[in-house]
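J.: below are the sequence and a predicted model for it; my questions follow.
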Amino acid sequence: MEIELKNIHKSFINQGKQQSVLKGISGEVEKGEILTIIGPSGSGKSTILSLCNLLQTPDEGELYVGGKEIRDWDVRNLRRYVGIAFQSGPMMKGTVLENLSLPMQLQGRTLESPQTYMNYVGLSEELLSREAKELSGGQRQRLSLARTLVNQPSVLLLDEVTSALDSKAAQEVEELILSINKDHKTTILWVTHDLAQAERVGDQTWLIMDGQLVEAAPTNHFFFEPNDQRTKEFLHSSRDII
Ligand SMILES: Nc1ncnc2c1ncn2[C@@H]1O[C@H](COP(=O)(O)OP(=O)(O)OP(=O)(O)O)[C@@H](O)[C@H]1O
């Protein structure tokens, strides 16, 4: 098992009040599997991702990554093992090469053959000397994925990585992610608002509502024959909106 959550709780203090955001989440993700995580806005999906690479720590419960409890991981090693990419593909000031090299630079190393990474994600090598901020949304997202790949992560956490892109770029980035999964057996936890995408790419799907895991099932099963009434209602109302 690559990821295992056992009764995970997480609260935040917001405006002086304690807000319980995850209320006892338990679930498992196998090595090489793509888990799609769906649910209403504010239900706790991104918080689950943030626990898996120690951007946050759980208040209660156990979380195993690669068989090791999250609190036993050295943060720097964990972040090499678990890569994360966000909606906007955030870049620092500087060239594409500087941005791509960042993970190595942080380890005091140099990135060998940046061209290989550029080619892999479908970016021209000529872009290496350009300012990263000048890239289009789709190019930035490709670069952001390339940057996570530099560490050869076993797990990738994806938070709405295609939702800011036009449909062509979104499709291309989606295909890129599927080939990363296939080529490297990377385990992927993929938060998305796009239910059609969750259905297309997932092996397993979770529905999170109000900090609880309402339903976890193989993706086909989840979309065709959901068990829980709340899943049926969520799928129904979301499809109405689309
Ligand atoms: N670092 C934080 N500090 C305080 N509150 C937070 C923090 N991170 C998340 N929250 C709160 O936790 C709740 C769940 O947030 P989270 O981002 O996990 O939801 P989500 O399901 O990913 O939402 P969305 O689909 O809108 O991205 C929200 O009410 C949010 O305000």
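T.: That came through fine. Numbering: from 1, shown residues only.
J.: first-to-last residue distance for stretch 220-229?
T.: Stretch 220-229 has an end-to-end distance of 17 Å (Cα to Cα, to the nearest Å).
J.: assumed Thr57 was part of a strand.
T.: No: if the criterion is DSSP: H, G, I helix; E, B strand; the rest coil, then Thr57 is coil and not within a strand.
J.: the spatially most central residue of the chain: which element?
T.: Of all residues in the chain, the one closest to the mean position by Cα atoms, centre = their mean is Leu158, 1.8 Å from it. Assigned by DSSP states H and E, Leu158 belongs to strand 155-159.
J.: and that strand, C-alpha only, in CSV?
T.: The C-alpha coordinates for strand 155-159 follow below in CSV (Å, rounded to 0.1, in the frame of the first residue of the first chain):
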residue,chain,number,x,y,z
VAL,A,155,3.6,9.8,-5.4
LEU,A,156,2.1,12.8,-7.2
LEU,A,157,-0.5,15.0,-5.5
LEU,A,158,-2.5,17.0,-8.0
ASP,A,159,-4.8,19.9,-7.0
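J.: any residue of it up close to the ligand?
T.: No: Strand 155-159 lies out of reach of the ligand by Cβ under 6 Å from any ligand atom, never closer than 7.3 Å. In short, each C-beta sits where N, CA and C put it, glycine included.
J.: list the contacts of the following helix or strand past that strand.
T.: On the C-terminal side of strand 155-159, the closest following helix or strand by DSSP H and E is helix 167-184. Residues outside helix 167-184 that contact it (Cβ atoms under 8 Å, 6 or more residues apart in numbering) are 32, 34, 121-122, 136-138, 141-142, 145, 149, 152, 156, 158, 161-163, 165, 186, 188, 190, 197, 200-201.
J.: list only buried entries from those.
T.: Neighbour counting with 16 or more other Cβ atoms under 10 Å marks 34, 121, 137-138, 141-142, 145, 149, 156, 158, 161-162, 165, 186, 188, 190, 197, 201 as buried within these.
J.: ok, back up a step: who are the contact partners of the residue nearest to the centre of the chain?
T.: Contacts of Leu158 (Cβ under 8 Å, 6+ apart): 84-85, 177, 188-192.
J.: which strand residues bridge it?
T.: Ala85, Trp190 (DSSP bridges).
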